[in-house]
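build the 3D model from these lines:
(2 chains)
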Amino acid sequence: MAAKDLVASGNTVIGPSILINGKLTGDEDLTVRGRVEGELSLTKTLIVEPSGVVKANVTVKNAVVSGVVVGNIQATESVELTQEGRMVGDIRAPRVIIVDGASFRGRVDMGELPPGRSLPERSTPRPQLRPAVRSLPPPPPRPGVAAARPGGAAAAAAAKKPGGMPGIVRTEATRTPPPAPPAPPVVAAGAKKKVVLKKKK
Amino acid sequence: MANTVIGSSIVIDGEISGDEDLVIQGTVKGKISLRESLFVEGSGVVEADIETQNVEIAGRVTGNIQASDKVELKADCRVVGDVKAPRILIADGASFKGNVDMDVKER
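As a prediction, this is how the structure comes out:
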(Lines give C-alpha, C1' and ligand atoms only; values in the text may rest on other atoms or scores of the structure.)
Protein backbone atom coordinates (compact mmCIF):
# COMPACT_ATOMS: atom_id res chain seq x y z
CA MET A 1 0.00 0.00 0.00
CA ALA A 2 2.61 2.53 1.07
CA ALA A 3 4.71 1.98 -2.02
CA LYS A 4 1.66 2.23 -4.22
CA ASP A 5 0.68 5.51 -2.62
CA LEU A 6 4.13 6.97 -3.13
CA VAL A 7 4.13 6.11 -6.79
CA ALA A 8 0.64 7.39 -7.33
CA SER A 9 0.93 10.70 -5.50
CA GLY A 10 3.19 12.03 -8.23
CA ASN A 11 1.43 14.91 -9.81
CA THR A 12 -1.92 16.23 -8.92
CA VAL A 13 -3.03 16.68 -5.36
CA ILE A 14 -6.25 18.23 -4.14
CA GLY A 15 -5.36 19.51 -0.69
CA PRO A 16 -7.55 19.03 2.39
CA SER A 17 -9.12 22.49 2.38
CA ILE A 18 -9.85 22.56 -1.34
CA LEU A 19 -13.31 22.12 -2.81
CA ILE A 20 -13.69 21.48 -6.51
CA ASN A 21 -17.19 21.62 -7.88
CA GLY A 22 -17.60 20.67 -11.50
CA LYS A 23 -15.96 18.45 -14.01
CA LEU A 24 -12.43 17.16 -13.65
CA THR A 25 -10.62 15.23 -16.36
CA GLY A 26 -7.03 14.20 -16.80
CA ASP A 27 -4.37 11.74 -17.89
CA GLU A 28 -2.43 11.46 -14.66
CA ASP A 29 -2.77 10.17 -11.14
CA LEU A 30 -4.90 12.23 -8.83
CA THR A 31 -4.78 12.28 -5.07
CA VAL A 32 -7.77 13.75 -3.30
CA ARG A 33 -7.37 14.98 0.27
CA GLY A 34 -10.10 17.58 -0.03
CA ARG A 35 -13.48 17.52 -1.73
CA VAL A 36 -14.40 16.92 -5.33
CA GLU A 37 -18.01 17.16 -6.43
CA GLY A 38 -19.45 16.63 -9.86
CA GLU A 39 -17.76 14.45 -12.40
CA LEU A 40 -14.29 12.95 -12.37
CA SER A 41 -12.63 11.06 -15.20
CA LEU A 42 -9.01 10.01 -15.41
CA THR A 43 -7.01 7.63 -17.53
CA LYS A 44 -4.85 6.76 -14.52
CA THR A 45 -5.30 6.17 -10.83
CA LEU A 46 -7.54 8.02 -8.43
CA ILE A 47 -6.54 7.92 -4.78
CA VAL A 48 -9.01 9.18 -2.24
CA GLU A 49 -7.12 9.61 1.00
CA PRO A 50 -8.77 9.35 4.42
CA SER A 51 -9.48 13.09 4.52
CA GLY A 52 -10.79 13.08 0.97
CA VAL A 53 -14.43 13.26 -0.02
CA VAL A 54 -15.59 12.59 -3.56
CA LYS A 55 -19.22 13.12 -4.45
CA ALA A 56 -19.05 12.40 -8.12
CA ASN A 57 -19.47 9.91 -10.86
CA VAL A 58 -15.98 8.57 -11.33
CA THR A 59 -14.44 7.03 -14.44
CA VAL A 60 -10.84 5.91 -13.97
CA LYS A 61 -8.41 3.11 -14.60
CA ASN A 62 -7.74 2.33 -10.96
CA ALA A 63 -9.34 3.70 -7.84
CA VAL A 64 -8.08 3.36 -4.28
CA VAL A 65 -10.61 4.61 -1.78
CA SER A 66 -9.47 5.32 1.76
CA GLY A 67 -11.79 8.24 2.25
CA VAL A 68 -15.41 8.81 1.33
CA VAL A 69 -16.94 8.31 -2.10
CA VAL A 70 -20.58 8.95 -2.84
CA GLY A 71 -21.34 8.11 -6.44
CA ASN A 72 -20.63 5.47 -8.99
CA ILE A 73 -17.15 4.31 -9.87
CA GLN A 74 -16.39 2.78 -13.20
CA ALA A 75 -12.85 1.50 -13.51
CA THR A 76 -11.19 -0.22 -16.45
CA GLU A 77 -8.87 -2.11 -14.11
CA SER A 78 -9.58 -2.15 -10.41
CA VAL A 79 -11.35 -0.56 -7.50
CA GLU A 80 -10.03 -1.01 -4.00
CA LEU A 81 -11.83 -0.03 -0.83
CA THR A 82 -9.26 0.05 1.93
CA GLN A 83 -9.86 -0.37 5.61
CA GLU A 84 -10.80 3.29 6.07
CA GLY A 85 -12.78 3.49 2.85
CA ARG A 86 -16.44 4.46 2.92
CA MET A 87 -18.49 4.29 -0.19
CA VAL A 88 -22.09 4.53 -1.31
CA GLY A 89 -22.69 3.84 -4.98
CA ASP A 90 -22.18 1.26 -7.66
CA ILE A 91 -18.83 -0.18 -8.63
CA ARG A 92 -18.16 -1.45 -12.09
CA ALA A 93 -14.70 -2.93 -12.64
CA PRO A 94 -13.12 -6.26 -13.55
CA ARG A 95 -11.30 -6.33 -10.22
CA VAL A 96 -12.98 -5.15 -7.07
CA ILE A 97 -11.20 -5.41 -3.72
CA ILE A 98 -13.06 -4.67 -0.52
CA VAL A 99 -10.89 -4.96 2.55
CA ASP A 100 -12.07 -5.86 6.03
CA GLY A 101 -13.14 -2.67 7.78
CA ALA A 102 -14.31 -0.90 4.65
CA SER A 103 -17.92 0.14 4.48
CA PHE A 104 -19.82 -0.02 1.23
CA ARG A 105 -23.38 0.13 0.07
CA GLY A 106 -24.18 -0.40 -3.57
CA ARG A 107 -23.87 -2.80 -6.41
CA VAL A 108 -20.76 -4.45 -7.74
CA ASP A 109 -20.46 -5.47 -11.35
CA MET A 110 -17.30 -7.28 -12.38
CA GLY A 111 -18.61 -7.82 -15.90
CA GLU A 112 -18.40 -11.13 -17.72
CA LEU A 113 -16.42 -13.70 -15.83
CA PRO A 114 -13.28 -14.57 -17.76
CA PRO A 115 -13.88 -18.02 -19.30
CA GLY A 116 -10.31 -19.16 -18.74
CA ARG A 117 -10.65 -18.87 -15.00
CA SER A 118 -14.19 -20.06 -14.24
CA LEU A 119 -14.74 -22.89 -16.72
CA PRO A 120 -12.14 -25.39 -15.49
CA GLU A 121 -13.41 -24.98 -11.95
CA ARG A 122 -16.94 -25.80 -13.01
CA SER A 123 -16.25 -28.61 -15.46
CA THR A 124 -13.81 -30.67 -13.43
CA PRO A 125 -16.04 -31.67 -10.53
CA ARG A 126 -18.83 -32.83 -12.79
CA PRO A 127 -17.09 -35.68 -14.62
CA GLN A 128 -15.84 -36.88 -11.28
CA LEU A 129 -19.32 -36.86 -9.85
CA ARG A 130 -21.20 -38.44 -12.67
CA PRO A 131 -19.54 -41.86 -12.93
CA ALA A 132 -19.75 -42.32 -9.20
CA VAL A 133 -23.34 -41.29 -9.26
CA ARG A 134 -24.34 -43.60 -12.10
CA SER A 135 -23.38 -46.78 -10.26
CA LEU A 136 -25.68 -45.95 -7.38
CA PRO A 137 -29.28 -47.20 -7.29
CA PRO A 138 -31.69 -44.82 -9.05
CA PRO A 139 -33.78 -42.52 -6.81
CA PRO A 140 -37.58 -42.24 -6.78
CA PRO A 141 -37.87 -39.14 -8.99
CA ARG A 142 -36.39 -41.14 -11.83
CA PRO A 143 -39.56 -41.60 -13.94
CA GLY A 144 -39.96 -37.86 -14.38
CA VAL A 145 -36.31 -37.64 -15.35
CA ALA A 146 -36.69 -40.42 -17.87
CA ALA A 147 -39.65 -38.67 -19.45
CA ALA A 148 -37.64 -35.51 -19.93
CA ARG A 149 -34.69 -37.36 -21.39
CA PRO A 150 -35.80 -38.23 -24.95
CA GLY A 151 -36.90 -34.75 -26.07
CA GLY A 152 -34.10 -32.23 -26.40
CA ALA A 153 -36.68 -29.45 -26.29
CA ALA A 154 -38.14 -30.78 -23.08
CA ALA A 155 -34.70 -30.82 -21.53
CA ALA A 156 -34.07 -27.26 -22.65
CA ALA A 157 -37.40 -26.13 -21.24
CA ALA A 158 -36.59 -27.80 -17.97
CA ALA A 159 -33.26 -26.02 -17.91
CA LYS A 160 -34.94 -22.61 -17.95
CA LYS A 161 -36.83 -23.33 -14.75
CA PRO A 162 -34.99 -21.82 -11.82
CA GLY A 163 -35.87 -24.55 -9.30
CA GLY A 164 -33.28 -26.99 -8.04
CA MET A 165 -34.99 -30.17 -9.22
CA PRO A 166 -35.52 -29.08 -12.84
CA GLY A 167 -31.87 -28.17 -12.84
CA ILE A 168 -31.05 -31.78 -12.14
CA VAL A 169 -33.27 -32.89 -14.94
CA ARG A 170 -31.56 -30.60 -17.37
CA THR A 171 -27.96 -31.49 -16.72
CA GLU A 172 -28.51 -35.17 -16.53
CA ALA A 173 -30.88 -35.39 -19.49
CA THR A 174 -28.07 -36.25 -21.86
CA ARG A 175 -26.72 -38.87 -19.51
CA THR A 176 -27.98 -41.30 -16.93
CA PRO A 177 -30.19 -39.96 -14.15
CA PRO A 178 -28.36 -39.52 -10.83
CA PRO A 179 -29.48 -40.22 -7.30
CA ALA A 180 -30.28 -37.10 -5.39
CA PRO A 181 -27.83 -36.98 -2.45
CA PRO A 182 -24.41 -35.87 -3.75
CA ALA A 183 -25.37 -34.32 -7.05
CA PRO A 184 -27.92 -31.57 -6.33
CA PRO A 185 -25.72 -28.86 -4.83
CA VAL A 186 -23.18 -28.92 -7.65
CA VAL A 187 -25.72 -29.29 -10.40
CA ALA A 188 -28.01 -26.67 -8.97
CA ALA A 189 -25.06 -24.28 -8.74
CA GLY A 190 -24.41 -24.85 -12.41
CA ALA A 191 -28.03 -24.20 -13.22
CA LYS A 192 -28.02 -20.96 -11.27
CA LYS A 193 -24.96 -19.69 -13.09
CA LYS A 194 -26.57 -20.44 -16.40
CA VAL A 195 -29.64 -18.47 -15.47
CA VAL A 196 -27.51 -15.50 -14.49
CA LEU A 197 -25.72 -15.57 -17.82
CA LYS A 198 -29.01 -15.58 -19.70
CA LYS A 199 -30.24 -12.58 -17.77
CA LYS A 200 -27.14 -10.61 -18.69
CA LYS A 201 -27.51 -11.31 -22.37
CA MET B 1 2.38 19.54 2.71
CA ALA B 2 -0.99 21.14 2.57
CA ASN B 3 -0.37 22.00 -1.02
CA THR B 4 -2.69 21.47 -3.91
CA VAL B 5 -1.33 20.86 -7.37
CA ILE B 6 -3.39 20.59 -10.52
CA GLY B 7 -1.11 18.63 -12.84
CA SER B 8 -0.45 19.49 -16.45
CA SER B 9 -2.84 16.93 -17.95
CA ILE B 10 -5.72 17.80 -15.68
CA VAL B 11 -8.71 19.78 -16.89
CA ILE B 12 -11.16 21.14 -14.38
CA ASP B 13 -14.40 22.71 -15.47
CA GLY B 14 -16.14 24.18 -12.49
CA GLU B 15 -15.42 25.88 -9.25
CA ILE B 16 -12.41 25.59 -6.96
CA SER B 17 -12.40 27.03 -3.50
CA GLY B 18 -10.20 26.52 -0.49
CA ASP B 19 -7.95 27.85 2.23
CA GLU B 20 -4.56 26.78 0.97
CA ASP B 21 -2.04 27.43 -1.77
CA LEU B 22 -2.96 26.18 -5.21
CA VAL B 23 -0.54 25.45 -8.03
CA ILE B 24 -2.00 25.13 -11.50
CA GLN B 25 -0.03 23.40 -14.21
CA GLY B 26 -3.08 22.21 -16.10
CA THR B 27 -6.31 23.81 -17.23
CA VAL B 28 -9.01 25.31 -15.06
CA LYS B 29 -12.21 26.85 -16.36
CA GLY B 30 -14.86 28.39 -14.19
CA LYS B 31 -14.06 30.11 -10.94
CA ILE B 32 -11.27 30.03 -8.38
CA SER B 33 -11.56 31.46 -4.91
CA LEU B 34 -8.85 30.96 -2.33
CA ARG B 35 -7.75 32.60 0.87
CA GLU B 36 -4.09 31.93 0.12
CA SER B 37 -1.83 32.09 -2.92
CA LEU B 38 -2.49 30.94 -6.43
CA PHE B 39 0.37 30.04 -8.73
CA VAL B 40 -0.34 29.61 -12.41
CA GLU B 41 2.76 27.97 -13.80
CA GLY B 42 4.07 28.20 -17.34
CA SER B 43 2.00 25.27 -18.56
CA GLY B 44 -1.10 26.44 -16.72
CA VAL B 45 -4.17 27.74 -18.49
CA VAL B 46 -6.89 29.45 -16.51
CA GLU B 47 -10.12 30.66 -17.97
CA ALA B 48 -11.75 31.74 -14.79
CA ASP B 49 -12.50 34.57 -12.46
CA ILE B 50 -9.98 34.52 -9.65
CA GLU B 51 -10.40 35.71 -6.10
CA THR B 52 -7.42 35.17 -3.82
CA GLN B 53 -4.94 36.81 -1.52
CA ASN B 54 -1.92 36.48 -3.81
CA VAL B 55 -1.57 35.46 -7.44
CA GLU B 56 1.56 34.68 -9.36
CA ILE B 57 1.03 34.09 -13.04
CA ALA B 58 3.57 32.64 -15.42
CA GLY B 59 1.03 30.93 -17.67
CA ARG B 60 -2.13 32.08 -19.39
CA VAL B 61 -5.08 33.58 -17.63
CA THR B 62 -8.31 34.81 -19.16
CA GLY B 63 -10.67 36.30 -16.63
CA ASN B 64 -10.90 38.90 -13.93
CA ILE B 65 -8.46 38.75 -11.06
CA GLN B 66 -9.14 40.16 -7.65
CA ALA B 67 -6.54 39.80 -4.94
CA SER B 68 -6.58 41.07 -1.39
CA ASP B 69 -2.81 41.45 -1.34
CA LYS B 70 -0.82 41.13 -4.54
CA VAL B 71 -0.96 40.16 -8.19
CA GLU B 72 2.28 39.37 -9.96
CA LEU B 73 2.43 38.96 -13.72
CA LYS B 74 5.71 37.27 -14.55
CA ALA B 75 7.66 37.35 -17.77
CA ASP B 76 6.12 35.20 -20.51
CA CYS B 77 2.66 35.22 -18.96
CA ARG B 78 -0.39 36.14 -20.97
CA VAL B 79 -3.25 37.71 -19.11
CA VAL B 80 -6.51 39.05 -20.47
CA GLY B 81 -8.93 40.55 -17.97
CA ASP B 82 -9.25 43.12 -15.26
CA VAL B 83 -6.91 43.05 -12.32
CA LYS B 84 -7.82 44.51 -8.97
CA ALA B 85 -5.40 44.42 -6.04
CA PRO B 86 -3.53 46.79 -3.72
CA ARG B 87 -0.21 45.67 -5.21
CA ILE B 88 0.22 44.76 -8.84
CA LEU B 89 3.55 43.84 -10.38
CA ILE B 90 4.03 43.43 -14.10
CA ALA B 91 7.39 42.06 -15.14
CA ASP B 92 9.23 42.84 -18.32
CA GLY B 93 8.08 40.39 -21.00
CA ALA B 94 4.62 39.89 -19.62
CA SER B 95 1.70 40.37 -21.93
CA PHE B 96 -1.41 41.87 -20.42
CA LYS B 97 -4.65 43.33 -21.68
CA GLY B 98 -7.23 44.75 -19.30
CA ASN B 99 -7.86 47.24 -16.59
CA VAL B 100 -5.71 47.70 -13.55
CA ASP B 101 -7.28 48.85 -10.32
CA MET B 102 -4.99 49.30 -7.33
CA ASP B 103 -7.83 50.62 -5.26
CA VAL B 104 -6.18 53.92 -4.34
CA LYS B 105 -8.85 55.25 -2.06
CA GLU B 106 -7.06 56.82 0.92
CA ARG B 107 -4.91 59.37 -0.81
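
buried stuff in stretch A:80-93?
A:80-82, A:84-87, A:89, A:91-93 (16 or more other CB atoms under 10 Å in any protein chain shown). Quick note: C-beta positions are derived from backbone N, CA and C, even for glycine.

quote the end-to-end distance of that stretch.
10 Å (CA to CA, to the nearest Å).

do the same with stretch A:58-73
Stretch A:58-73: ends 5 Å apart by CA to CA.

report the buried residues of that stretch.
Buried residues in stretch A:58-73 (16+ other CB under 10 Å): A:58-60, A:62-69, A:71-73.

average pLDDT for it?
What stretch A:58-73 shows for mean pLDDT is 96.

check whether that stretch comes near chain B.
No. Applying CB under 8 Å from any CB of the partner chain, one finds stretch A:58-73 out of contact with chain B, separated by at least 12.8 Å.

equivalent analysis for stretch A:23-42, please.
Yes. Applying CB under 8 Å from any CB, one finds stretch A:23-42 touching chain B at A:23-28, A:30, A:34, A:38.

residue 30 pairs with what?
Since no chain was named, I'll use chain A. A:Leu30 has the following beta-bridge partners by DSSP bridges: A:Thr12, A:Leu46.

that answer is for a different chain, and I need it for chain B
Under the criterion used here (DSSP bridges), B:Gly30 is bridged to B:Gly14, B:Ala48.

dump the residues of stretch A:23-42 next to chain B to JSON lines, plus pLDDT, neighbour count and secondary structure.
Below are the residues of stretch A:23-42 next to chain B laid out as JSON lines (pLDDT from 0 to 100; neighbours: other CB atoms under 10 Å in any protein chain shown; DSSP: H, G, I helix; E, B strand; the rest coil):
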{"residue": "A:Lys23", "pLDDT": "95", "neighbour count": "16", "secondary structure": "strand"}
{"residue": "A:Leu24", "pLDDT": "95", "neighbour count": "30", "secondary structure": "strand"}
{"residue": "A:Thr25", "pLDDT": "95", "neighbour count": "17", "secondary structure": "strand"}
{"residue": "A:Gly26", "pLDDT": "94", "neighbour count": "24", "secondary structure": "strand"}
{"residue": "A:Asp27", "pLDDT": "94", "neighbour count": "14", "secondary structure": "coil"}
{"residue": "A:Glu28", "pLDDT": "93", "neighbour count": "18", "secondary structure": "coil"}
{"residue": "A:Leu30", "pLDDT": "95", "neighbour count": "29", "secondary structure": "strand"}
{"residue": "A:Gly34", "pLDDT": "95", "neighbour count": "26", "secondary structure": "coil"}
{"residue": "A:Gly38", "pLDDT": "95", "neighbour count": "18", "secondary structure": "strand"}
